[in-house]
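1. just a sequence and a predicted model for now, questions to come.
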Amino acid sequence: MITAILGVGMMGEALLVGLIWAGIDPARLRAADARPERCDQVRDTHGVWVGTVKEASQGADTVIIAVKPQDVVPLLTTIAPELGQETLVISLAAGVTLATLEANLNPGQAVIRVMPNTPTLIGEGMAVLSPGQAVADEQMERAVGMLSAVGKAQVLPETFMDAVTALSGSGPAYLMYLAEAMIEAGVSLGLDNDTATALVKQTLSGSSRLLAESSVTPTILRERVTSPGGTTAAAIQALENRAVKPAFIAAIDAAARRSQELGKT
């Protein structure tokens, strides 16, 4: 099995590294990027074959598209003549629909749309996969296996992809936004920036792990920390007074609507 990754920026390289971690022989991996210096870096760092997108796609069993959304259609028209009938094409591009992918490839080409997120970089990603019409069971299992090498993977119909993009795709940014606010609050209370940052990093990391490994809901976990009349209760009340939860819901809704708009264009 030969896998080609077209576009080895942050997400493309993360998946490349994850596949190597999972035991894939680097000799069975190919990479391509529009930046020559990036190609040299990936070749020297990971020991994989690097070439043009056309060369990388020739004879590949799986082709992973990891370029910017606006670059996807030109890329597809370039590589389509190089793809075999059984080649599986996986797109990581936000907002690019299955219909767009299929329309710019060969008739009957197997296509899977994926929404990953940035924790993929440390093997803790969340990826949602939506298969096109021509995807066989073996191809779906192959794709799920690849994405599971860098975190968790779940299969959902494409109709949910805008919601997924807003929730898990953009989700890491919401957590970083919260971290920024917490660090600023710590500094305003007299802590130096390094100390505030260390406290917030470990608190968010530990809390995320507690949530992931717990069998109870986030609401119950929050209530366990919130003693009546205590410090946490005062903080939660201040958040409620400022409608922080409705603001977050509105933000995620805005992200979903923007994803839908991008899909139309």
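-> Looks like it came in fine. Numbering: from 1, shown residues only.

2. so residue 113: helix, strand or coil?
-> Following DSSP: H, G, I helix; E, B strand; the rest coil, residue 113 is assigned to strand.

3. just the pLDDT for it.
-> As predicted, residue 113 sits at a pLDDT of 97.

4. what about it, how many neighbours?
-> 25 (other C-beta atoms under 10 Å). C-beta here means a position set from N, CA and C on the backbone, and glycine is covered the same way.

5. same question, the one 4 residues further on
-> When neighbours are counted by other C-beta under 10 Å, residue 117 registers 22.

6. repeat that for the one 10 residues further on.
-> Summarising burial for residue 127: neighbours were counted as other C-beta under 10 Å, giving 25.

7. and if you look at the one 5 residues further on?
-> The local packing of residue 132 (other C-beta under 10 Å) involves 22 other residues.

8. ramachandran coordinates for it?
-> Main-chain torsions, residue 132, degrees, to the nearest 10: phi -80, psi -180.

9. domain parsing for this protein?
-> Listed domain ranges for the chain are 3-161, 169-264 (source: automatic domain parsing).

10. please identify the deepest-packed of these.
-> Among the domains of the chain, judged by mean count of other C-beta atoms under 10 Å, the one packed with the most neighbours on average is domain 3-161 (a mean of 19).

11. endpoints of that domain, how far apart?
-> With C-alpha to C-alpha, to the nearest Å as the measure, domain 3-161 spans 25 Å from end to end.

12. farthest residue from the center of the protein?
-> The C-alpha centroid of the chain is most remote from residue 229, which lies 40.1 Å away (C-alpha atoms, centre = their mean).

13. got the contact list for that residue?
-> Residue 229 makes contact with no residue under the criterion C-beta atoms under 8 Å, 6 or more residues apart in numbering.

14. sec struct for it, please.
-> Three-state call for residue 229 (three-state DSSP): coil.

15. quick check: pLDDT value at it.
-> 94.

16. what do you get for residue 77?
-> 95.
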